[in-house]
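*Asks:* Pasting the sequence and the predicted coordinates here, then a few questions.
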Amino acid sequence: MLPLRQRRQRSNDNLDVKNRMYPEEREKQMKARYQAAGMISVLLLLAIGLLWPARSVSAAAEGKITGTVKLDGAAPHMKGIDMSKDPFCVKQHENSPAHLENVVVGAGGGLQNVVLYISQGLSAAEASQAPAKEPVFDQKNCMYTPHVLAMDVNQKFKVMTSDQTTHNIHPLPNPLAGNIPWNKSQPPGAPPIESSWKAEEVAIPVKCNIHPWMHGYFVVVKGPYATTDEKGAYTIENVPPGNYTVTAWQEEYGTQTAKVTVAAGKPGTADFTFKAK
Amino acid sequence: MRRMMLNGSLVLTALVTIALCSLSWGQATKAEEDQRLGMESHIGKLTGHATSAQGNYRRYCVGCHGELGDGEGENAQWLEPKPRNFTLGIFKCRSTTTGTLPLDSDLFDTIGRGLDSSNMPSWNPLSAQERADLVAYVKHFSARFVTEKPGTPIEIPKKPELTAERLKAGQEVFQRVECWKCHGPTGMGNGPSAATLTDDQNRPIAPYNFHDGKRFKCGTTDEDLYRIFMTGLDGTPMPSWSDNIKPDEAWDLVFYLRSLQPMKSKEKELARQIGLKPGAAAAAAPAAQQ
C-alpha cells in the first residue's frame, strides 16, 4: 500500500499524466486497489447481511420503553404572567391565572413536558424513519399547547391558532446547525402552518414577539420519542429489540441518560429523577 | 528531579496546546471561509467574484462586520443597531419568503441603498462591479450559500389605481391582522407590544413609526413597502404576512400606510379629502374583537 496522501491524490486524479511510474510500480498499485475494492465489497455484503435480519425483526416484534420522570425536591415557584397588554388574553385567564411553564410538576413529583428519545443504539435506517402522524402546536389562550413539542427529523408538524388575537410564530434554531429560523404571522382564523425540521436539534426555542411571555420548544430528534404526561409517565413506542441509551431532556434541568435493554415482548424501563435547583 | 522536569514539560506542553487551540479557532474559521472564496454573485449582466472584493472589504467593511464576517468588527461595540453577522445567512431585506436565503440582487440593493437609521451607509460611490464583488464576498462567509439555493421571490402584482375604497380597505386590513399590536393604533410605533420587542439576539428593537417619515430600511418605493411586510424582516420580530394578506389587500395596505406618513402623497391627500382618520377606527379595534 502506498502512503495515504499519495493514494488519495491518485485516486482523485486518474488523468494526471505527470504521475509517471514504472510498470511494476503501477502493477503493485493496481493490486492494492483491487484489494481495497474487494475488502469494501466484502464489508458491504457483511453490513447488508447483518442489517437485513435486524430490519425484519423490528417489523415483527416492536418493543417499547416506559418509565417516569420525577423532580426531587420542592417544585420551584412559577411566576404568574401579566397579560394586561392584550385584553383578549386577560379575558381567557379570568378564572384561571396563567403561570410560566418552565417546570410543571404533577402529583407525586411527576415532571411534565420532559422529552425522552433514543440517543444511541438505533441503526441509521431505524433512526431515519419519520412517523406520518403530524404533531400539532396550538396557540391557545395566549399560551403554547403543548409547551414542548417533540418530533422526528423531517416529520411534518402543524402550528395552529385557537385565539381571537394575532400571534406571530418565531422558532429560533441555530442556522449553522442545519435548521433555519423563520417568522410567520397568524391572525385570528388563519390556516395552520405546516413545516418540518431538517436536522436534529434539542431544543429549538419558539416565541411570539407580540406576546413576550409566550415561549416554548420544538425538540427535534432522530427515531422514536415520547413526552411525559402530567404524572411524569412516558412510553416510547416502536422500539425494536436491542440495547439503547435513552436521554431525558428538560428545559431547565438539562439532560440525563440511562442504558435500557429492550427484548422481544418485554419492554425496557428507565426512570429519571431531576434534582430541584 | 528528572521526572519532575518531565512532568513539568508535559504540563507545559498541554497548556501550550490548549492555548494554541483556542487561538487557532479564529484561524480555522478563516480557513474554512477561504475555501468558499470561489463564490460568485450574479446580478443582471454583472458577475461578482469574492476574490476581487477582498481589498474593498478590508478597507470599507471590516471595521464593523469583522474579518470573519461575524459582525464583531472593532467598531461593533459602539454601534446600535449591531452590524449584521453574515455567517448565519439571515437578512432583513429579501424578496424571498421567510427562512430562505436572499437573492444576489437583494444583497446588491442593500449594499447600494444602505440601511436607514443604522450606521450602514449607501455604498453607491463604489462601482456596480465592485458592489457585485462585495455581494459574492458577503455570501462566502456563510456555508448556507453553498448548500442552499435562494428562496423563491414573492410575486408583486402591478399596482392598482388608488381609490377611496382601497384606502379604507387598507385601514381594515391594518385592523384585522393587528399591525397596531406593535406599530400602534395610529402607526406611531407605540403599540401595546412595542416596548418588549427583541430581535433574534435578544436585543431590544423598535417597530417602525410611520409618522416620523424616515425611509424604510429595505427600500422607499411602494413595491418595497409591499415586499417588506409580505416577506417579513428575518432576524427581527416582523413576521411574514404573505400567508394571511392577499395580494390585492396588500396593495390596499400599502395605500393606507402611505397615508400615515408625513410626506406629501396622493394617498395622504385622498385620506384628507375623505376624512379618513388613522386613530378613529383603530380605537374601536380592541372592542371589535370581543
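*Replies:* Yep, it's here. Residues are numbered from 1 along each chain as shown, chains lettered A, B, ... in the order given.

*Asks:* for the residue in the stretch 151-290 of chain B that chain A sits nearest to, what are its contacts?
*Replies:* The stretch 151-290 of chain B approaches chain A most closely through B:P237 (3.3 Å), counting by CB to the nearest CB. Yep, even glycine has a C-beta here, placed from its N, CA and C like the rest. Residues counted as contacts of B:P237 (CB atoms under 8 Å, 6 or more residues apart in numbering or on different chains) are A:N168, A:H170, A:N183, A:N209, A:I210, B:C182, B:L197, B:T198, B:D199, B:I205, B:P207.

*Asks:* Could you verify my assumption that B:L37 touches B:S52?
*Replies:* No. B:L37 sits out of contact with B:S52 when judged by CB atoms under 8 Å, with a separation of 10.2 Å.

*Asks:* Spell out which residues are contacts of both of these two.
*Replies:* Taking CB under 8 Å, 6+ apart as the contact criterion, B:L37 and B:S52 have no common neighbours.

*Asks:* Any stretches of the chain with poor pLDDT?
*Replies:* With no chain named, the answer covers chain A. Counting by pLDDT under 70, chain A shows low-confidence ranges at A:1-32, A:36-38, A:40-61.

*Asks:* Oops, wrong one, chain B.
*Replies:* Flagging of chain B using pLDDT under 70 yields the residue ranges B:1-4, B:19-23, B:279-290.

*Asks:* In it, what residue spans correspond to strands?
*Replies:* B:40-43, B:46-49 (DSSP state E).

*Asks:* now the stretch 1-150 of chain A
*Replies:* Taking DSSP state E, counting those that start in this stretch as the criterion, the stretch 1-150 of chain A carries its strands at A:63-72, A:115-120, A:136-140, A:143-145, A:148-152.

*Asks:* So what touches the second one?
*Replies:* In other words, strand A:115-120. A:65, A:67, A:69, A:127, A:148, A:150, A:202-203, A:219, A:221-228, A:234, A:236, A:239, A:244-249, A:257, A:270.

*Asks:* Just want the angle from it to strand A:63-72.
*Replies:* For strand A:115-120 against strand A:63-72, the angle between stretch directions is 120 degrees (axes from the mean of the first three to the mean of the last three CA atoms, to 10 degrees).

*Asks:* likewise the third one?
*Replies:* Orientation check (the same axes, to 10 degrees): strand A:136-140 against strand A:63-72 gives 30 degrees.

*Asks:* Near chain B, which residues of the stretch 1-150 of chain A? Just list them.
*Replies:* When proximity is defined as CB under 8 Å from any CB of the partner chain, the stretch 1-150 of chain A approaches chain B at A:K85, A:D86, A:P87, A:F88.

*Asks:* Could you rerun that using 6 Å?
*Replies:* Proximity of the stretch 1-150 of chain A to chain B (CB under 6 Å from any CB of the partner chain) is limited to residues A:K85, A:P87, A:F88.

*Asks:* Distance to B:E80 added to these, as JSON lines?
*Replies:* What follows is the residues of the stretch 1-150 of chain A next to chain B, written out as JSON lines (distance: CB to CB, whole Å):
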{"residue": "A:K85", "distance to B:E80": "25"}
{"residue": "A:P87", "distance to B:E80": "33"}
{"residue": "A:F88", "distance to B:E80": "33"}
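
*Asks:* With respect to chain B, which of the residues you listed is nearest?
*Replies:* Distances from chain B to the residues of the stretch 1-150 of chain A next to chain B, taken as CB to the nearest CB, are shortest for A:K85 (4.2 Å).

*Asks:* for the closest one, what are its contacts?
*Replies:* Residues touching A:K85, when contacts are defined by CB atoms under 6 Å, 6 or more residues apart in numbering or on different chains, comprise B:P192.

*Asks:* Ok, the one 5 residues further on next?
*Replies:* Residues touching A:V90, when contacts are defined by CB under 6 Å, 6+ apart, comprise A:M83.

*Asks:* All good on my end, thank you.
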